[in-house]
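Colleague: no sequence on hand, only this structure:
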C-alpha cells in the first residue's frame, strides 16, 4: 500500500516540519482521521500508522462493514490430509524449501484431500509470493480457504487471477509485488516490459531500484530501449544499475563509452627488455556524462570490501567493474594473463583486481577465474569461488571446488559446500559425495554442529542428484556414528521417493 510508505516517509522526516499528514486511503479510513485534528503531530502519525497497519492485517472487506458480519463459511465436503502429511508440509514451509512445497502441491492436486484449517493461512501467505502455484493452492484449500481469501484483499486478488493475467504485480506491494513482477517477466517478458514506463514515474527511488534489480536477472535485448531511457532517472542508484544492465547487454553506446574511458585511464607499456607495466592516469574531474550513467562522485568503500578507496581511484574502479576482462585485454593489446600480471604489479593493484573481478562476474567471464585464483593464496580460494558461484555454471567451477576441498577440515568443507549449494539448483555427483563425506566427518566435531541446522540439511537434500540417491544412501549406511541415523532420515525420509515427495 502506497499510503503505508507515505506515512513511513512522514515519520522518518519528522512531524515537526509542518507538513500535513497525507489523507489516508481507502476513503473509509479518513472517517477516523477527522477525529485526530486536535492531537499533536506525533500522535496523529502514530494513530495513522496503527490504523493502516490494522487495515492491512484485517482486510478491506472487514473494515468496511459496520453492522454487518461476514457470510458463514460453507461446510467442507472433502476430507482433510493426514496429520503426518500436515507436519511434513509445515516443515517444508518453515524450512522455506519451496521446491518440496511445489512438489507436494502438484501431487496433492490429484488427490481428494484438502489442507487442514490450521495451516491454511501459512499456505495462502506463501502463495502470495509464489503466484505460479496459485492454481495448485486453489485446488487444495477447500471452502474455508476461499472464505479466508474473501476476507483479505491480498489473498483474494492473488487467487482470483487468470492464468494469463500478468498485470497483478502493479496492484501488489512488498515482496509479493517483486515476486509477481518476476513471474510476469518469466511468462511474457515483452508484455510485462511494456507496463514499466507507465508505472515508473509514480514509484519512489527504492521501489524503482527493486524492480530494476528483478529485471536485471532476466535481461535480454528487448530491454535495451527502456534501460537507455533511465540515464535521466532522478536516482543515482537506478542510473548505476541501468548502466550495469546495458554493459551486460553490450549496448553499443555504453560499450564505446566504457572502452574510450578506460583507454584514457589505462595503457600497457611493453619495453624491449624487462616486464610490461600498466600505466594508470586518473582523471581530474567527474564529467556530467559519467554522472548520467550513475558513476558515484565519492565512492568511499569498494562494495563488499571494508577498505577505503580514493575519490579518483573510485572512478576507475566503477568503470572497470562494467567491463569484461577479455574485452579490456583486447583493447589494451595484451593476453588476459598479462593483464592479470600487470594489474598485480601495479601500485593500484587492489583497485584494478577488484574492479576486474566485478567485471568478470557481471559478464560471466570464466577465463578470469583460474588466473585470479593463481594470484591468491590457496586458503583464499574459497572466498572467490563463493563469489563466482553466483554467476558461473557448476561445470566451470567444479574442478576448482574439488581441489579447494582437499585443503579444508570437515567443518570448513561443510561450511564451504553449504554456501556453494545456495547458488545451484542441483549439485554434481562429485560435490554431492564430497558433501556427504564432510557431513559424516563433522558429526564428531562439536564445533561443526552449528553449521547444519534442520533447515540447511533439508535444503541440501533437495539438491542432491536423484540419479545418485542410491549411492549416497549407501555411503551414509557405512558409518557407525550414532548421529548418522538422524542424518539419514533428513536426507532420505520414508515418504521421499525418486520422483519427489509422496503425500
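Modeller: Everything's here; your move. From a predicted model like this one, the values you see are computed outputs, not experimental measurements. Numbering: from 1, shown residues only.

Colleague: pLDDT below threshold where in the stretch 1-150 of the chain?
Modeller: 1, 13-18, 57-69, 131-132 (pLDDT under 70).

Colleague: try it again with 80
Modeller: For the stretch 1-150 of the chain, applying pLDDT under 80 flags the ranges 1-22, 25-35, 37-38, 55-71, 95-99, 106, 109-110, 128-136, 138, 150.

Colleague: over to the stretch 301-450 of the chain?
Modeller: In the stretch 301-450 of the chain the weaker segments, taking pLDDT under 80 as the threshold, are 304-307, 410-411, 414, 425, 435-450.

Colleague: for it, which segments are assigned as helices?
Modeller: Using DSSP state H, counting those that start in this stretch, the helices of the stretch 301-450 of the chain run over 311-320, 325-331, 336-345, 349-363, 368-374, 381-388, 394-405, 410-421, 429-442.

Colleague: packing partners for the last one?
Modeller: Counting by 3 or more Cβ pairs under 8 Å, 6 or more residues apart in numbering; DSSP states H and E, the packing neighbours recorded for helix 429-442 are helix 394-405, helix 410-421, helix 469-477, helix 484-491. (Each C-beta comes from the backbone N, C-alpha and C, glycine too.)

Colleague: do the fifth one as well
Modeller: Contact partners of helix 368-374 among helices and strands, from 3+ Cβ pairs under 8 Å, 6+ apart: helix 336-345, helix 349-363, helix 381-388, helix 394-405.

Colleague: ok, 10 Å please
Modeller: Applying 3 or more Cβ pairs under 10 Å, 6 or more residues apart in numbering; DSSP states H and E, we find helix 368-374 packed against helix 325-331, helix 336-345, helix 349-363, helix 381-388, helix 394-405.

Colleague: the nearest residue to residue 320 once chain neighbours are set aside - how many residues pack around it?
Modeller: The spatial neighbour of residue 320 that comes closest, neighbours along the chain excluded (Cβ to Cβ, 6 or more residues apart in numbering), is residue 355 at 2.8 Å. By other Cβ atoms under 10 Å, 25 other residues sit near residue 355.

Colleague: wait, isn't residue 355 in contact with residue 324?
Modeller: No: the pair residue 355 / residue 324 is not scored as a contact, 11.9 Å apart, by Cβ atoms under 10 Å.

Colleague: center of this protein - which residue?
Modeller: residue 214 (8.1 Å; Cα atoms, centre = their mean).

Colleague: could I get the pLDDT score of that one?
Modeller: If you check residue 214, the pLDDT there is 94.

Colleague: swap in residue 170?
Modeller: pLDDT for residue 170: 84.

Colleague: with residue 186 instead?
Modeller: pLDDT, read off for residue 186, is 83.

Colleague: so what does it have for phi and psi?
Modeller: Backbone torsions of residue 186, given as degrees, to the nearest 10, read phi -70, psi -30.

Colleague: near the nearest residue to residue 269 once chain neighbours are set aside, how many other residues are there?
Modeller: Closest residue in space to residue 269, ignoring its immediate chain neighbours: residue 277 at 4.8 Å, by Cβ to Cβ, 6+ apart. By other Cβ under 10 Å, 14 other residues sit near residue 277.

Colleague: try the one 4 residues further on
Modeller: Counted with other Cβ under 10 Å, residues neighbouring residue 281 total 11.

Colleague: how about it, what does it touch?
Modeller: Contact analysis of residue 281 by Cβ atoms under 10 Å, 6 or more residues apart in numbering lists 264-267, 312, 316.

Colleague: again with residue 170
Modeller: 177, 180-181, 184, 195-196, 198-199.

Colleague: out of the residues you listed, the closest to residue 383 would be?
Modeller: residue 181 (32.2 Å; Cβ to Cβ).

Colleague: which elements pack onto the strand or helix carrying that closest one?
Modeller: Per DSSP states H and E: residue 181 is located in helix 174-187. Counting contacts by 3+ Cβ pairs under 10 Å, 6+ apart, helix 174-187 is packed against helix 120-128, helix 153-159, helix 189-199, helix 205-216.

Colleague: apply 8 Å and report the result again.
Modeller: helix 153-159, helix 189-199, helix 205-216.

Colleague: buried residues in stretch 357-367?
Modeller: 357-363, 365-366 (16 or more other Cβ atoms under 10 Å).

Colleague: and these as CSV, adding distance to residue 126?
Modeller: Shown next, in CSV, are the buried residues of stretch 357-367 (distance: Cβ to Cβ, whole Å):
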residue, distance to residue 126
357, 36
358, 35
359, 38
360, 36
361, 31
362, 33
363, 35
365, 37
366, 36
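
Colleague: which of those lies closest to residue 112?
Modeller: residue 361 (49.4 Å).

Colleague: how far away is the nearest residue in space to the closest one that is not next to it in sequence from residue 365?
Modeller: Leaving aside its sequence neighbours, residue 361 sits nearest to residue 391 (Cβ to Cβ, 6+ apart; 4.9 Å). Residue 391 sits 9 Å away from residue 365, going by Cβ to Cβ, to the nearest Å.

Colleague: repeat for residue 218
Modeller: For residue 218, the distance to residue 365 - Cβ to Cβ - is 20 Å.

Colleague: swap in residue 171?
Modeller: Applying Cβ to Cβ to residue 171 and residue 365 gives a distance of 40 Å.
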